[in-house]
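Participant: I need the structure of the sequence given here:
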Amino acid sequence: MRRPVRTRPQFRLAAQPGGPAEMAGLLAERMRLVRAAQAAAETRRTVGVVAAAFLLFVFLSVSLVHASIASVPIRALYGVGLLGLLLLACPVQLAQATRKQRNTLLVIVGFAALGGVVSAAAGSPPTAILRQILEIHVQAAVNLLVAATVLEVCGPRTLVRAFVGVIGLSMVVALLQAAGVEPAWALRGAVGTLLDSGAVARDRASGLSLNPVLLGSQTCLAIAMLYMWQRYSRSPNDLRPDPSVLFVCVAALAVAVASGTRSPIMGILAFLAIYLTRRFGAWAVVAGLIAVALLPLGQALLEHFRGSGLRVLQTDDKSAVGRWPLLVYGVRLFLANPLGYGLDFDPREHWAAHWSALSHLKNAVVIRSFELHNYPLNTLNKYGAGLLLFVPLILALVGRHRAVLLGFAPYAFHIFFHNDGPLDTDYMIWFVIALTSMQASGEAPVRLSPGPKDREKRRRRRSDSRPSAPAQPAP
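Facilitator: This next block holds a predicted model:
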């Protein structure tokens, strides 16, 4: 039997370049690919650094509100430093963010100018006016530009995740505090030590936030952020409820009960009633009528559980009864001086002139020792009737983004019973307003999750980036 003859495998030689010109072209193409890979790696590093820096900024704004160095809040110093970093690393994106938010920045500048004029007319010293403008208006502009630039650099998903993630952590800690979990209170005590705020009161859960009121404001803003993200990521005609929005609403209601903060509850319930029924058209009206018919049952249940000790079910305590005298007092203050009292307005300094007209009201003594606890009235008394000058611009901005106004219903209810709000002492809302950059220039909607076409494109990119198999020897 003959043995098979072994032959050496014959390999096909790759085509050699025809000359120096072709070789130079191949070298130039290889260098272009290397530079593109290096640029992509640098972009990924920049995005990662910016995202981590913004996450820390949100945490400082939620937890370390009053922590300061030489009387300057650490979060304010950090925000200015982060804006400077973005100016050096991402000047193009910062310019684009400024262009998209120019009308909102114009409102901030206008309010600063009006507040300065009103304060000067009210006799405030120049140093106090400058300090108020730096604390209120400059901080608002810095927060807005930082968040809007982060959106341009990292995308809206990073902005939403950082904001909702930090607030969600504070909500979880608040629920654990309400359940009596000692490590949750110990964590809040550690934050209190950094704030130099002394012992932390354990009568109301506040999570990682400064107090229960700010926690309620932050949960409302988380709802607004997620709702905006959902609306901007879908077709305008897509009115399906989003599970993440519903989950945060339920969690926010639980946190409101746990922290004893009543003001967000009405807003969240009103938001859910409209959010869940608006897609049904006429059936939404039927649902509203049924809800009205069930109001007596709700009142009966409220009376039944009022003895449980939950603060949110109490409507006759000093805080609740004192709202009406403060409301009347705020209206009287505005009528007495429609031009405004200036940026350092403190209603507790003017109570004596109105005491005779308000002393007959129940719990009227609150006007001596409490602020108005009503953001619209507080702002009106600060800036005066000159606010009317900005109504057209504000209405234009609101009208441009009317599709997302529903998401701010819980926040609007909340600030109606508290002092914090835009261009006052609420600096978190500017992170939310920055998300309007998604629609400021008519950009195409961004998908909340990758759709079939996106997944197909991703698979193609993976297959194209895989190295080809080595050439097989010819038989």
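
Participant: now do the phi/psi pair for residue 423.
Facilitator: Note on residue 423: its backbone torsions stand at phi 60, psi 30 [degrees, to the nearest 10].

Participant: touching, it and residue 138? I think so.
Facilitator: No: using C-beta atoms under 8 Å, residue 423 is not in contact with residue 138, being 11.3 Å away. Where you see a C-beta, it was placed from the backbone N, CA and C, and this is true even at glycine.

Participant: higher neighbour count, the two?
Facilitator: A side-by-side neighbour count of residue 423 and residue 138, using other C-beta atoms under 10 Å, places residue 423 first with 22 against 16.

Participant: quick check: nearest residue in space to the more buried one, chain neighbours excluded?
Facilitator: Leaving aside its chain neighbours, residue 423 sits nearest to residue 111 (5.2 Å; criterion: C-beta to C-beta, 6 or more residues apart in numbering).

Participant: can you list the buried residues in the host helix or strand of the one you found?
Facilitator: Per DSSP states H and E, residue 111 falls inside helix 102-121. Neighbour counts over helix 102-121 (16 or more other C-beta atoms under 10 Å) mark 104-105, 107-108, 110-112, 114-119 as buried.

Participant: for the residues you listed, which one is nearest residue 336?
Facilitator: Checking the buried residues of helix 102-121 against residue 336 with C-beta to C-beta, the nearest one is residue 118 at 14.6 Å.

Participant: contacts only, for that closest one.
Facilitator: Going by C-beta atoms under 8 Å, 6 or more residues apart in numbering, residue 118 touches 339, 340, 341, 342, 343, 382, 383, 384, 386.

Participant: the second one contacts residue 385, correct?
Facilitator: So the one you mean is residue 340. Yes: using C-beta under 8 Å, residue 340 is in contact with residue 385, at 7.4 Å.

Participant: more neighbours: which of these two?
Facilitator: Between residue 340 and residue 385, counted using other C-beta under 10 Å, residue 340 has the larger neighbour count: 25 against 13.

Participant: return the distance of that one relative to residue 247.
Facilitator: Distance from residue 340 to residue 247, counting by C-beta to C-beta, to the nearest Å: 42 Å.

Participant: what does residue 378 give?
Facilitator: Distance, residue 378 to residue 247, using C-beta to C-beta: 33 Å.

Participant: between the two, which is the more surrounded one?
Facilitator: residue 378 (23 against 12).

Participant: give the closest residue to that one in space, chain neighbours not counted.
Facilitator: Excluding its sequence neighbours, the residue lying closest to residue 378 (C-beta to C-beta, 6+ apart) is residue 372, at 4.9 Å.

Participant: Three-state assignment for that neighbour, please.
Facilitator: Using DSSP: H, G, I helix; E, B strand; the rest coil, the three-state assignment for residue 372 comes out as coil.

Participant: tell me the secondary structure for the closest residue to residue 166 other than its chain neighbours?
Facilitator: In this structure, residue 166 finds its nearest non-sequential neighbour in residue 58, 4.6 Å apart by C-beta to C-beta, 6+ apart. Look at residue 58: counting by three-state DSSP, its state is helix.

Participant: cool, and residue 339?
Facilitator: Secondary structure, three-state DSSP: residue 339 is coil.

Participant: okay, now the residue lying closest to it once chain neighbours are set aside: neighbour count?
Facilitator: Leaving aside its sequence neighbours, residue 339 sits nearest to residue 384 (C-beta to C-beta, 6+ apart; 4.4 Å). Applying other C-beta under 10 Å, we find 23 other residues in the vicinity of residue 384.

Participant: tell me how far residue 384 lies from residue 140.
Facilitator: For residue 384, the distance to residue 140 equals 19 Å [C-beta to C-beta].

Participant: then residue 351?
Facilitator: Distance from residue 351 to residue 140, by C-beta to C-beta: 30 Å.

Participant: what do you get for residue 239?
Facilitator: Taking C-beta to C-beta as the measure, residue 239 falls 32 Å from residue 140.

Participant: now the helices for the stretch 351-475 of the chain?
Facilitator: Using DSSP state H, counting those that start in this stretch, the helices of the stretch 351-475 of the chain run over residues 355-358, 366-369, 375-383, 391-400, 409-415, 429-433, 437-440, 452-465.

Participant: same question for stretch 116-134, mean pLDDT?
Facilitator: For stretch 116-134, mean pLDDT rounds to 92.

Participant: first vs last residue of it, how far apart are they?
Facilitator: Using C-alpha to C-alpha, to the nearest Å, the end-to-end distance of stretch 116-134 comes out at 11 Å.

Participant: run through who's touching stretch 71-80.
Facilitator: Here stretch 71-80 has contacts from 56-57, 60-61, 64-69, 135, 139, 142-143, 146, 427, using C-beta under 8 Å, 6+ apart.

Participant: average model confidence for that stretch?
Facilitator: Regarding stretch 71-80, the rounded mean pLDDT is 88.

Participant: mind checking how far it is from the chain centre?
Facilitator: The chain centre lies 18 Å from the centre of stretch 71-80; the measure is C-alpha atoms, centre = their mean, to the nearest Å.

Participant: how about it: buried residues?
Facilitator: Buried residues in stretch 71-80, counted by 16+ other C-beta under 10 Å: 73, 75, 76, 78, 79.

Participant: relative to residue 129, how far out is the fourth one?
Facilitator: I take that to be residue 78. Distance, residue 78 to residue 129, by C-beta to C-beta: 25 Å.

Participant: just to check, the residue nearest to residue 339 is in contact with residue 338?
Facilitator: Yes: if you go by C-beta under 8 Å, residue 384 and residue 338 touch, sitting 6.1 Å apart.
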